[in-house]
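Trainee: Test case, fold it:
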Amino acid sequence: MFTIHEIANRLKEMLSEQKFVEAYQLLFSEDAESIDPLNTSGQPLKGLTTLLEREKDFLSRVTTIHKISLSEPIIAGSYFTLSLKMSFDVKGQGHMDVDELCVYKVKEGKILSQQFFIG
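Mentor: I've put the predicted structure just below:
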């Protein structure tokens, strides 16, 4: 099991290296959920399998990732946050810049939930 500090630092490292799917596989709980304002259903996505499917779908539509920058993690109790800025191109949509605050809850050595706030 990982400590919250290890999880936060490892997630930052893996995202910086564009190891998005691997980060889910290594650091997230089987029961993880995601609250994302871009999810059109308005409901949290539940379960690691669902999160992996959504991530793989997103990555299949991305043609180029130009830049990723992440803040240092801020940890409070069982939560941590990262500020993420990403510049990328999407098939059929063109260039996108995302600036978001990512909040994670950790329980029993795994990420149990994530929520994104897009600026």
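Trainee: can you give me the strands in this structure?
Mentor: Along the chain, counting by DSSP state E, strands occupy 28-35, 45-46, 62-70, 74-76, 79-90, 94-107, 110-118.
Trainee: how close does the residue in the chain sticking out farthest from the centre get to E22?
Mentor: Distance to the chain centre peaks in the chain at G92, reaching 22.8 Å (criterion: CA atoms, centre = their mean). Noted for G92: a distance of 26 Å to E22, by CB to CB, to the nearest Å. All C-beta spots, glycine's among them, are computed from the backbone N, C-alpha and C.
Trainee: Nearest residue to the residue farthest from the centre of the chain in space, please, no chain neighbours.
Mentor: The spatially closest residue to G92, leaving aside those adjacent along the chain, is R61, at 7.7 Å (CB to CB, 6 or more residues apart in numbering).
Trainee: measure the one you found to Y79 for me?
Mentor: 30 Å.
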